[in-house]
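Enquirer: sequence? don't have it. structure:
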């Protein structure tokens, strides 16, 4: 049995107009300045050298791109990054702890941000104000207000700002989304997302001296100061609300972004997120097992997260869309189409990884075109994570107005819309 719209027909009729539209059409949501250098050479700084090392390696593979700076609050990471670049026979980058030194260099075109979540928006906003284009990792913001501010900053300063939800660039995923929108499984009304892992306990942190290679004050940056403890840096900050967004903002954002894209929806009207920290008694504040639901009126999304039990025998999809004629599952860098009886009709895959998405960012700096994961698109998806976390922390069903972009009738939830900042660090557009 074949799906009504075959892949061959789809590619012939709509691949050019749909799959390439975002990278070829003028950017109309907010004009951006194309790079005006005649050489077209792009000089970048990379901030955050754990996840950011993928940015470094892929930038080194990109044509006419120079990694001019590597930045981290950990000197040991800086030293390793400089060594990686030198081993590629590329110009030696400057290693700095304070990213503001990158912003002061007028010859730097872009900054790539792969820091802790609480740094994402403040660094993006400062970079836009300094005239830099920005590639920022997911989730891109720590709270809903920052999500709004960073879009405003991109518009005001006419910067290219790309969020690191890489699946927006993967060819087979883009094809899957276009086919969903063309009706390959009929009218699509619901999407389910899953996340499984086998994380262990983070233990109970103890107060300890700050390691000499770590600038803990800069690590905290815009966040109000807390004493250093030995189980926080460099990863377990994810599970503390002061710095992170839990698993929903850490990994859920990838699946939720695809679900929102595939359903062609913007803002959920009713949000729940129920679960808990069930597996361990430790310092983790965020849930390890939870289910988030999003009602968009005529369509819906569910995200089912299990951070500490891998549930391997259940063989979950990453995202599955449900339509009137069947379903479409996304796994890895490909997709599979099923009829209503569960029979597989077709299966396709394509390239994944970071390089295509990063190259799309560089191409848009040169052209002024709209990037595949422009920050407003990215932050619409990130808002789902923020609203889910607010629902969890308040124990409420959140009612959200797509018109006013505000939480409705909940003073308790409103308190979590924005955070407090360390003196002098509150973002200014």
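Expert: Great, that's in hand. Since we're looking at a predicted model, the values are computed, not measured.
Enquirer: can you give me the helices for the stretch 301-429 of the chain?
Expert: 355-367, 375-394, 411-414 (DSSP state H, counting those that start in this stretch).
Enquirer: Point out the most buried one among those.
Expert: helix 375-394 (a mean of 25; mean count of other C-beta atoms under 10 Å). To be clear about C-beta, it is placed using only N, CA and C from the backbone, and glycine gets the same treatment.
Enquirer: same for it, what does it pack against?
Expert: With contacts defined as 3 or more C-beta pairs under 8 Å, 6 or more residues apart in numbering; DSSP states H and E, helix 375-394 has these neighbours: helix 144-156, strand 161-163, helix 253-263, strand 270-276, strand 289-295, strand 398-401, helix 411-414.
Enquirer: With mean pLDDT and distance to residue 181 added, can I get the helices of the stretch 301-429 of the chain in TSV?
Expert: Conversion of the helices of the stretch 301-429 of the chain to TSV gives the following (pLDDT from 0 to 100; distance: least, C-beta to C-beta, whole Å):
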stretch	mean pLDDT	distance to residue 181
helix 355-367	98	20
helix 375-394	98	15
helix 411-414	98	33
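Enquirer: With respect to residue 235, which of these lies nearest?
Expert: With C-beta to C-beta, the closest approach to residue 235 among those belongs to helix 375-394: 18.2 Å.
Enquirer: Direction-wise, compare the closest one with strand 289-295 and give the angle.
Expert: Angle, helix 375-394 to strand 289-295, by axes from the mean of the first three to the mean of the last three C-alpha atoms, to 10 degrees: 120 degrees.
Enquirer: Centre of the chain to helix 375-394, how far?
Expert: Taking C-alpha atoms, centre = their mean, to the nearest Å, one finds helix 375-394 lying 11 Å from the centre of the chain it belongs to.
Enquirer: again with stretch 389-402
Expert: Stretch 389-402 sits 21 Å away from the centroid of its parent chain (C-alpha atoms, centre = their mean).
Enquirer: start to end distance for that stretch?
Expert: Across stretch 389-402, the terminal residues are separated by 18 Å (C-alpha to C-alpha, to the nearest Å).
Enquirer: who touches it?
Expert: Taking contacts as C-beta atoms under 8 Å, 6 or more residues apart in numbering, the residues outside stretch 389-402 that touch it are 144, 241, 245-246, 248-249, 266-275, 286-287, 290, 292, 387, 406-410, 412-413, 416-417.
Enquirer: circling back to that earlier point, now the helices of the stretch 301-429 of the chain in JSON lines, with distance to residue 54?
Expert: Written out in JSON lines, the entries for those read as follows (distance: least, C-beta to C-beta, whole Å):
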{"stretch": "helix 355-367", "distance to residue 54": "9"}
{"stretch": "helix 375-394", "distance to residue 54": "18"}
{"stretch": "helix 411-414", "distance to residue 54": "35"}
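Enquirer: in the chain, which strand has the most residues?
Expert: Across the chain, the strand with the greatest residue count (assigned by DSSP state E) is strand 188-196.
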